[in-house]
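In: Quick one: sequence plus predicted model below, questions after.
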Amino acid sequence: MFTCFPYVIAPALTHCLESDVPAFLEANGRPKTLAHVQAVAEVCGQIAMQYGLDGSKCRAAGLLHDISAVIRPADMLHYITLLGLPVCEAEARYNFLLHQRMSRFAAAKHFGITDIAVLSAIECHTTLHANATPYDMALFIADKLAWDQPGTPPYDKVVRYALERSLEAACLAYMEDTMSSGRMLCPHTNWTLAVDWLKQKS
């Protein structure tokens with residue numbers, strides 16, 4: 001798929017994500033993204049151990065969840081539109097929100113990922129969605145705990161405390177903290193549905 005974006009460099013694959021992802025992000029000048037995805041893969045692996053999930057799936061999802069960060073947000077919107085896929089108001093206003101969907105495409109089309117659990121988790125790692133799987137929630141939480149900003153996330157304690165109870169509790173704790181703190185730019189359709197679903201589960 002990266003042939004659609006001539007400014008993206010796609011090194012030859014070795015079919016080992018632990019080496020292919022760093023090579024790809026380094027070739028495209030994304031050292032901060034690389035550090036973030038490696039941290040997310042580590043945290044997601046820890047959550048996998050805590051909740052009896054497949055660690056290799058969680059690490060793969062962590063490594064690939066932001067792989068489309070090399071694509072310009074406006075180009076993401078153009079690509080999604082060409083495919084005839086729907087775009088919600090939040091994605092139309094803030095095109096970078098499309099990166100979760102674009103990363104799923106890249107994981108499947110370029111890196112050859114076929115595992116639905118991994119692809120689903122990648123596709124909703126920013127917004128989550130209703131009826132989320134444990135893998136969806138594990139990556140969603142890992143992405144927030146291993147955030148890409150300096151210092152400790154302001155919600156770190158509340159989310160970690162909730163994570164001791166359940167994946168659902170941790171997701172809802174983060175989402176409610178985000179909404180109450182004013183960090184929400186524009187509610188994504190899937191986010192709103194996920195909050196309602198999580199409240200019913202709790």
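Out: It's in.
In: I'd like the distance from the longest helix along the chain to the chain centre, please.
Out: Counting by DSSP state H, the longest helix found in the chain is helix 31-51. Put simply, helix 31-51 sits 11 Å off its chain's centre (CA atoms, centre = their mean, to the nearest Å).
In: Just want the angle from the helix or strand just after it to helix 31-51.
Out: Next along the chain after helix 31-51, taking DSSP states H and E as the criterion, comes helix 55-64. Relative orientation of helix 55-64 and helix 31-51, computed by axes from the mean of the first three to the mean of the last three CA atoms, to 10 degrees: 160 degrees.
In: For helix 55-64, list the C-alpha coordinates in PDB.
Out: Below are the C-alpha coordinates for helix 55-64, written out as PDB (Å, rounded to 0.1, in the frame of the first residue of the first chain):
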ATOM      1  CA  GLY A  55       1.900 -12.300  24.300                       C
ATOM      2  CA  SER A  56       3.100 -12.600  20.700                       C
ATOM      3  CA  LYS A  57      -0.200 -11.200  19.400                       C
ATOM      4  CA  CYS A  58      -0.100  -8.300  21.900                       C
ATOM      5  CA  ARG A  59       3.500  -7.500  21.000                       C
ATOM      6  CA  ALA A  60       2.700  -7.600  17.300                       C
ATOM      7  CA  ALA A  61      -0.200  -5.200  17.800                       C
ATOM      8  CA  GLY A  62       1.900  -2.900  19.900                       C
ATOM      9  CA  LEU A  63       4.700  -2.700  17.300                       C
ATOM     10  CA  LEU A  64       2.400  -2.000  14.400                       C
END
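In: Where does pLDDT dip in this structure?
Out: Applying pLDDT under 70 to the chain flags no residue at all.
In: any idea where the strands of it begin and end?
Out: In the chain, no strands are defined using DSSP state E.
In: Grab the most central residue of it for me.
Out: By CA atoms, centre = their mean, the chain has its centre lying nearest to residue 125, at 3.1 Å.
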